[in-house]
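Peer 1: only geometry, no sequence info:
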């Protein structure tokens, strides 16, 4: 099973709202990722968690706050977003082997976020 | 930083025809991934290539990595409407651990 699940599938929020995106995998993967994808653009990395610790933050604004409660779950907390933050948010996971460059990342279906 | 260039940007082929998509890296590739995406959906993993000269096939899709490990191609034989979508090549960025950087994608349409 190579399934990564994401909820919700769609989310509409105002600029003053607080919401969270959820990602879950049961493949025993120890690396989890958040990517942001704007329309007609490739995914861009936001955060990487390795063994439940934040290892990479690609200079993402603080209105995005990631959390990894356990090895199977990854959340992205959203607060005071801007309309330009509207995008498809993709979660992925992979093994965390010593030769990380060849670990396959499996992606979830994404959450389509619209900020009004 | 590493960059991936994909060509063509878009492609329209008649059902049953063969096609090739290319991905060229500005640096040596340590792992090259091919994904397929339907618009607004997640990425579906197709294949991963690691060794120079490596070739992998799955159903009617074949991916190759050149000997110098800076270029990969994805070839679809006898295309079908189900092959339509956006094909993305991705590479492991040593500078960002195991995270991937992606090419801009190739949009494939298959007409019946």
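Peer 2: Looks like it came in fine. Quick caveat, the model's predicted, so the values are computed rather than measured.
Peer 1: So in chain B, where's the weakest helix or strand by average pLDDT?
Peer 2: Within chain B, no helix or strand scores below strand B:100-102, which has a mean of 91 by mean pLDDT, DSSP states H and E.
Peer 1: Pull up the pairing partners for that strand, direction included.
Peer 2: strand B:85-92 (antiparallel) (DSSP bridges).
Peer 1: so for the strand it pairs with, what's the average pLDDT?
Peer 2: Strand B:85-92 carries an average pLDDT of 94.
Peer 1: Give me the residues contacting it.
Peer 2: Outside strand B:85-92, the residues within contact range by CB atoms under 8 Å, 6 or more residues apart in numbering or on different chains are A:42-43, A:100-103, A:105, B:2, B:4, B:6, B:21, B:23, B:25, B:29-39, B:43, B:46, B:72, B:74, B:98-103, B:105-108. Using the backbone N, CA and C atoms, a C-beta is placed for each residue, glycine as well.
Peer 1: Can you give me every residue that contacts the spatially most central residue of chain A?
Peer 2: With distances taken as CA atoms, centre = their mean, chain A has residue A:34 as the residue nearest its mean C-alpha position (2.6 Å). Residue A:34 sits next to A:23, A:45, A:46, A:47, A:66, A:74, A:76, A:89, A:90, A:91 when contact means CB under 8 Å, 6+ apart.
Peer 1: Of all pairs in those residues, which one is the farthest apart?
Peer 2: Within those, two members stand farthest from each other by CB to CB: A:23 and A:45, at 14.5 Å.
Peer 1: Name the residue in those two with the higher neighbour count.
Peer 2: residue A:23 (27 against 21; other CB atoms under 10 Å in any protein chain shown).
Peer 1: how near is that one to chain B?
Peer 2: Note on residue A:23: its distance to chain B, by CB to the nearest CB, to the nearest Å, is 11 Å.
Peer 1: What is the host helix or strand of that residue packed up against?
Peer 2: Using DSSP states H and E, residue A:23 falls within strand A:18-25. Contacts defined by 3 or more CB pairs under 8 Å, 6 or more residues apart in numbering or on different chains; DSSP states H and E place strand A:18-25 against strand A:4-7, strand A:10-13, strand A:31-37, strand A:73-79, strand A:87-94.
Peer 1: Just the mean pLDDT for the last one, thanks.
Peer 2: To tie it back to what came earlier, the one meant is strand A:87-94. 96.
Peer 1: That one vs strand B:85-92, what angle?
Peer 2: 50 degrees (axes from the mean of the first three to the mean of the last three CA atoms, to 10 degrees).
Peer 1: what's in contact with the helix or strand following strand A:87-94?
Peer 2: Counting by DSSP H and E, the element after strand A:87-94 in chain order, helix or strand, is strand A:106-107. For strand A:106-107, the surrounding residues in contact (CB under 8 Å, 6+ apart) are A:2-4, A:25, A:27, A:29, A:35, A:90-94, B:35, B:42-45.
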